[in-house]
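> Prediction below, plus the sequence it came from.
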Amino acid sequence: MAKKYSDFLREITSEDLFRGLLGYGLFAEKLPPCFTSVSLFYFYNELSANENNNVNGNNKKWHDFITFDSQRNMIIPRRFGIPTPYAYFALCRVLADNWDTIKHRLSHSVSNQDYIISRIHLRKMKEDGPLFSMNYKNWKSDGEPMPDLIQGKKYVVKTDISTCFPSIYTHAIPWALIGKSEAKRAIRNRNWTDAIDKACQRCTNGQTHGILIGPHASNLISEIILTRVDQSMYDAGWRYVRAIDDFTCYVDRYEDAQGFIEQLREELSKYDLSLNERKTIIEELPFAINHDWMQKLRNIQEIYCNKDLLSYHDVAGYLSAAISLMEDNQKNAAPLTYALKVLSGKKMKETAKDYYVKMLLHLAYVYPYLVHHLEEYVFDKFNVPINKIMEFSNLSYKDGVMHKNVEKIYFALYFAWRYGFNLPDVDFDDIVSSNSCICKILGLMYAERTNNLEGKDALKQNADKLAEDPSDFDRNWLFIYEALPKGKLKYEWKAYKEAGISFIKQD
C-alpha cells in the first residue's frame, strides 16, 4: 500500500536528519564518488555545545563556498556549491534541533492531499546513508497517481520554476514555516525560524537570495517552501505532481491549463519565485503521454531486452532507439541514461558486451553528462580492461583542457586515481591554472597515487598561496585542507586535522 508524505517524515528522527544531511549530504551526487563527510558527522556528533564553541575559533560571520559546474541532461551546465564544513554543520544542526516542529509544519501542509504531490522527497532509505536522492523513485511506496489524475482530462501542463534554488529568498523560509507577519516579528526576536534563515546565509557568504544546489539540506529547504505552494494549489482544486521544481498538471479544458499557470505564478510570487515561461507548455492528451520518451523506450525495451542473453543486434537496436529519442527531445541525454541503466543489468553475448562498452565510451566522450555513470554501469559491471579506461580518460582529459571543460578533466583524474593508471598527457600546470577546486584536489590525489613529486609540489605551493586569503580559502577549502599539514591550518580546520578527519574516502 502506498504511504503518505507524512509517513515518510515520521520515520525520520532528528538524529536521522542530522546524520543524513551532515554525514551523507554535503557533497552533490554529480561529483566523483570519492568524497565523504561521514567523519565530520561523527566529529560534531560527539562534541558538546561548549566544545563546539571552542572548535570554531574563526569569528568570520559569513563563508564563501566551492563552486563547480556539471552538465545537465540537455547539455546545459548547472552550477553546484559545496559550503564550508562548519557553516554546513550549523545549518544541519539548526534544522535537526527544530525537526519535530518542521516535520509537523510539513505534515500539516500535505494533510488533506490524497496522494503524494512531491515525487522526490526526503525518505529514510537505510539506517546509515543519505535521506535524499535525485535518482530514487519508488512507485510501490509512493504510489503512481498519474493514471488517476488523467481520468476525464484532455490537456497536460508542464512547467518549472525559473532557476529555483538560486532564486530562493532565505527570508521566505520563515514565511513558509510560520507566515509572513509572524516571520517579521521573528527577525526582531531571533527565534528558531530566523536561525534557519541566518544559517542558510552563512553558507552563501551572507547572500539572502539563493541557496546552494547540491547539499541535501537545500532540498529540505525547498520542500519547506514548495509544500506550502502545493497546499494552496491543491486546496484550489488543482491536481498535479511535482519533481523538485518541475510541475505536471492534468486538466479538462485549455482555459483550465491557462488558469493553472496563472495561479501557480501567483502562489510562487508570494515566496519571491517565478515560473520559467520558456519551458511552460500545454499539450493535448493522450498525445503527450504517447510521445513521452520514457514510455516509448519502455515499449522498445520489451522488443530488445526481454531476453536472458542479449545479442549484438539487441543492444545495437536498443541503443539506437535511445539515441533517436535523445535527438527528438532536444538532445536531452536522459533517454541514454535510462538505456544504459537498463542494459547494465542484462547479460550479454561477448560481441554485444564489446559493442556496448565501445559505444558508451564514445557517447560519454560526446555527451559528458554520461561520464557520471561510467564507473557503476560500464567499467565495474562489465570488467572493462584498465587500458580501455585509460585510453578513454586520456582522450577526455585532452578534450577537457582544449575546450576548458573542467568536469571532463577531473573525471579523467578520478578514473586514473580510482583504477590506478597514469595519464600520459597530464600537465599539472593546466590543473593549477584551472581555477577549479575539484580539479586541484583530484589532481593532488592523482599525483599522490602515482607518486608524482613535481605535481604534488606544484599543487601544495598553490594551496599555500590560496590559504593566505580567507575568501580564496573558502572557495578552495577541500583542496587546501587536504593539501596542507596541521601546522599551516587554524581554527576549526586545525581541529579537524587533529581529529583525523579526511573528506576523501580512504577505501
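Yes, it's here.
> What sits closest to residue 314 if chain neighbours are left out?
residue 304 (4.6 Å; CB to CB, 6 or more residues apart in numbering). The way it works is simple: take the backbone N, C-alpha and C, and place the C-beta from them, glycine included.
> who touches the one you found in this structure?
310, 314, 315, 317, 318, 321 (CB atoms under 8 Å, 6 or more residues apart in numbering).
> Phi and psi next, for it.
The phi and psi values for residue 304, taken as degrees, to the nearest 10, are phi -100, psi -30.
> what separates it from residue 258, distance-wise?
For residue 304, the distance to residue 258 equals 41 Å [CB to CB, to the nearest Å].
> just residue 10 next, same as before
38 Å.
> Ok, residue 240 next?
Per CB to CB, residue 240 is found 14 Å from residue 258.
> Between these two, which has more neighbouring residues?
residue 240 (21 against 14; other CB atoms under 10 Å).
> still on that earlier bit, filter the contacts of residue 304 down to the buried ones.
With burial judged by 16 or more other CB atoms under 10 Å, the buried subset of those is 310, 314, 315, 317, 318, 321.
> Which of those residues fall within strands?
In strands, judged by DSSP state E, none of the buried ones among the contacts of residue 304 are found.
> Among the residues you listed, which pair sits farthest apart?
310 and 321 (13.8 Å; CB to CB).
> Can you spell out which residues form a bridge with residue 68?
As for beta bridges, residue 68 partners with residue 80 under DSSP bridges.
> Which positions in the lengthiest helix in the chain come out as buried?
Using DSSP state H, we find that the single longest helix of the chain is helix 216-235. The neighbour-count check on helix 216-235 (16+ other CB under 10 Å) flags 216-231, 233-234 as buried.
> can you check stretch 175-185 too?
Neighbour-count burial for stretch 175-185, with 16+ other CB under 10 Å as criterion, is recorded at 175, 176, 177, 178, 183.
> Give me the distance between the two termini of it.
Using CA to CA, to the nearest Å, the end-to-end distance of stretch 175-185 comes to 11 Å.
> Tell me how far it lies from the chain's centre.
In terms of CA atoms, centre = their mean, to the nearest Å, the gap separating the centre of stretch 175-185 from the centre of its chain is 29 Å.
> quick one: average confidence on that stretch?
Stretch 175-185 carries an average pLDDT of 88.
> What's the local residue count around the closest residue to residue 235 other than its chain neighbours?
Nearest residue to residue 235, sequence neighbours excluded (CB to CB, 6+ apart): residue 112, at 7.4 Å. When neighbours are defined as other CB under 10 Å, residue 112 has 9 of them.
> Can you tell me the SS state at residue 112?
coil (DSSP: H, G, I helix; E, B strand; the rest coil).
> Please report how far it lies from residue 231.
8 Å.
> hmm, back to that, and the longest helix of the chain, what does it pack onto?
Helices and strands touching helix 216-235, by 3 or more CB pairs under 8 Å, 6 or more residues apart in numbering; DSSP states H and E, are helix 85-97, helix 99-109, helix 164-167, helix 172-178, strand 240-243, helix 254-269.
> if I've got this straight, residue 416 is in a strand?
No: Residue 416 sits outside any strand when classified using three-state DSSP, being helix.
> so it touches residue 410, yeah?
No: if you go by CB atoms under 8 Å, residue 416 and residue 410 don't touch, sitting 10.5 Å apart.
> of the two, who's got more company?
residue 410 (28 against 23).
> just how off-centre is the helix or strand where that one lies within its chain?
Element membership of residue 410 [criterion: DSSP states H and E] is helix 406-419. Helix 406-419 has its C-alpha centroid displaced from the chain centroid by 19 Å (CA atoms, centre = their mean).
> That one - what's its average pLDDT?
Helix 406-419 carries an average pLDDT of 97.
> Kindly report the same for stretch 425-434.
Across stretch 425-434, the average pLDDT comes to 95.
> mind checking the end-to-end distance for that stretch?
16 Å.
> what does stretch 488-502 give?
Stretch 488-502 stretches 16 Å from its first residue to its last (CA to CA).
> next one: stretch 22-37
Distance between the boundary residues of stretch 22-37 (CA to CA) amounts to 7 Å.
> In PDB, list the C-alpha atoms belonging to stretch 226-238.
Extracted in PDB, the C-alpha atoms of stretch 226-238 (Å, rounded to 0.1, in the frame of the first residue of the first chain):
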ATOM      1  CA  LEU A 226       7.100  24.300  -2.100                       C
ATOM      2  CA  THR A 227       4.900  22.200   0.000                       C
ATOM      3  CA  ARG A 228       3.200  25.400   1.100                       C
ATOM      4  CA  VAL A 229       2.700  26.200  -2.600                       C
ATOM      5  CA  ASP A 230       1.300  22.700  -3.100                       C
ATOM      6  CA  GLN A 231      -1.100  23.200  -0.200                       C
ATOM      7  CA  SER A 232      -2.600  26.400  -1.700                       C
ATOM      8  CA  MET A 233      -2.800  24.900  -5.200                       C
ATOM      9  CA  TYR A 234      -4.400  21.600  -4.100                       C
ATOM     10  CA  ASP A 235      -6.900  23.500  -1.900                       C
ATOM     11  CA  ALA A 236      -7.800  25.500  -5.000                       C
ATOM     12  CA  GLY A 237      -8.700  22.200  -6.800                       C
ATOM     13  CA  TRP A 238      -5.600  21.700  -9.000                       C
END
